[in-house]
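Student: Below are the sequence and a predicted model; questions follow.
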Amino acid sequence: MTTKLWLKFKLLSEACFSRGDGVPGVVDIEVNHDRYGMPYLGGRTLKGLLHAEAAEILNALSRVDQATADQWAKATNRLFGQPGSRRDKQGRLHIGNAQLPADLRSQIQHNYQLLDLHPHEVLETLTTVRRQTAVDSNPDSETAGAPLEDTLRAVRVIVQGTPFVAVLQLRGENESNKHQDDLALLAACTKAFRRAGSNKTRGYGRLEANLHETLEGEAVTDDYFDRFKESLQ
C-alpha cells in the first residue's frame, strides 16, 4: 500500500534553486525551470535535504539518549534507505519535484499558449536577478573590505512568497507502529527544513514547510510530530 502526502512550502526570502550552470551574457547561476519557464526544486534534491535534516536530528539525539537515537535511526533507514543499498532497499519515501501549485501552473500554461509566450518571459515574471561580489576579507590587506576583481556574479533568484508543492509517497505497510514512527520522523524533518537552494549563507532560501494529507486540507505536521516529541519525554 502507499500513503500519499503533500509537502507545501512558501519562500520567506528569495531563493536560488540552481541548475548548476548559467546563461552566457544573462546570469552566471540559473535556477531550475521547466519548459514553460516555471521554477522548481527537484525531488531528489528535496529528499536529500530532508535526509540531511534527519541526520542532524540523529546527531543531536545521540548526544542525549543513544537508545532514542537508535529508535529514530531505524525510521531514518526505512524512509531514506542506507548508503550503497540495493534499488529495492533505497527507502520507502519517494518525492516528486516541488512545483508551483497546480492552479497557478494551469493559469501560466493557459497564458503561455494564449499569448504565445517564451519560457524566459514566464521565468522573468517569477524571478529576479541579483548581482553579488566577493570582498577582500584579509584585515591586513590594503584593499580590505573592497570588492575582489573578477568576482562579480549575476544570480537568478525566485521571488519571496512563491509557494511550492511536492507529492510524497510512503510505500509499504501503513498500519503499523513503524509506519507511525516514519510519519513522526518525517514531520520532525519537515519542521527542521527551513532553507533550500544555493547561497544560503547570504540569506537566500528561507522557507516554511508543512505536511498535508490532502492537497487542500489543513497541515498535519504537528499531529505527526507529537509522537516524536513524546519519545523525548
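Tutor: Received it, and whenever you're ready, just let me know what you need.
Student: buried ones in stretch 75-85?
Tutor: Of all the residues in stretch 75-85, those buried under the rule 16 or more other C-beta atoms under 10 Å are 75-76, 78-81. For every residue, glycine as well, the C-beta is placed using N, CA and C.
Student: If you could redo that for stretch 220-233, that was the one I meant.
Tutor: Across stretch 220-233, burial judged by 16+ other C-beta under 10 Å covers 220-221, 224-225, 227-228, 231.
Student: one step back: CSV for the buried residues of stretch 75-85, including pLDDT and distance to Q109?
Tutor: Shown next, in CSV, are these (pLDDT from 0 to 100; distance: C-beta to C-beta, whole Å):
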residue, pLDDT, distance to Q109
A75, 96, 38
T76, 97, 38
R78, 95, 37
L79, 96, 33
F80, 96, 33
G81, 93, 35
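Student: Go through the residues you listed and say which is closest to G37.
Tutor: Nearest to G37 among those: F80, at 31.7 Å, using C-beta to C-beta.
Student: ok so, going back, mind checking which of the buried residues of stretch 75-85 land in strands?
Tutor: Using DSSP state E, no member of the buried residues of stretch 75-85 falls in strands.
Student: and which of the buried residues of stretch 220-233 is nearest V159?
Tutor: Nearest member of those to V159, counting by C-beta to C-beta, is T221, at 24.7 Å.
Student: and the closest one, what pLDDT?
Tutor: Listed pLDDT for T221 reads 98.
Student: That one contacts K191, doesn't it?
Tutor: Yes: if you go by C-beta atoms under 8 Å, T221 and K191 touch, sitting 6.4 Å apart.
Student: between the two, what contacts are shared?
Tutor: Here T221 and K191 share the contacting residues A209, scored by C-beta atoms under 8 Å, 6 or more residues apart in numbering.
Student: ok, back up a step: out of the buried residues of stretch 75-85, the closest to A196 would be?
Tutor: After measuring the buried residues of stretch 75-85 against A196 - C-beta to C-beta - the closest member comes out as F80, at 16.8 Å.
Student: any idea how far A73 is from the closest one?
Tutor: Distance, F80 to A73, by C-beta to C-beta, to the nearest Å: 11 Å.
Student: CA atoms only: put the top helix by length along the chain into CSV for me.
Tutor: Secondary structure of the chain per DSSP state H: the longest helix is helix 43-62. Below are the C-alpha coordinates for helix 43-62, written out as CSV (Å, rounded to 0.1, in the frame of the first residue of the first chain):
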residue,chain,number,x,y,z
GLY,A,43,12.5,15.7,-6.0
ARG,A,44,15.9,14.0,-5.4
THR,A,45,17.3,17.3,-4.1
LEU,A,46,14.3,17.8,-1.8
LYS,A,47,14.7,14.2,-0.5
GLY,A,48,18.4,14.8,0.1
LEU,A,49,17.6,18.0,2.1
LEU,A,50,15.1,16.1,4.3
HIS,A,51,17.6,13.3,4.8
ALA,A,52,20.2,15.8,5.9
GLU,A,53,17.8,17.1,8.5
ALA,A,54,17.2,13.6,9.7
ALA,A,55,21.0,13.2,10.1
GLU,A,56,21.2,16.4,12.1
ILE,A,57,18.3,15.2,14.3
LEU,A,58,20.0,11.8,15.0
ASN,A,59,23.3,13.5,15.8
ALA,A,60,21.6,15.7,18.3
LEU,A,61,19.7,12.8,19.9
SER,A,62,22.8,10.7,20.2
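Student: So for that helix, what gets flagged as buried?
Tutor: Quick answer for helix 43-62 (16+ other C-beta under 10 Å): 43, 45-47, 49-51, 53-54, 57-58, 61.
Student: Quick check: the nearest residue to H118 once chain neighbours are set aside vs G172, distance?
Tutor: Closest residue to H118 in three dimensions, ignoring its sequence neighbours and counting by C-beta to C-beta, 6 or more residues apart in numbering: G37, at 7.6 Å. In this view, G37 and G172 are 37 Å apart by C-beta to C-beta.
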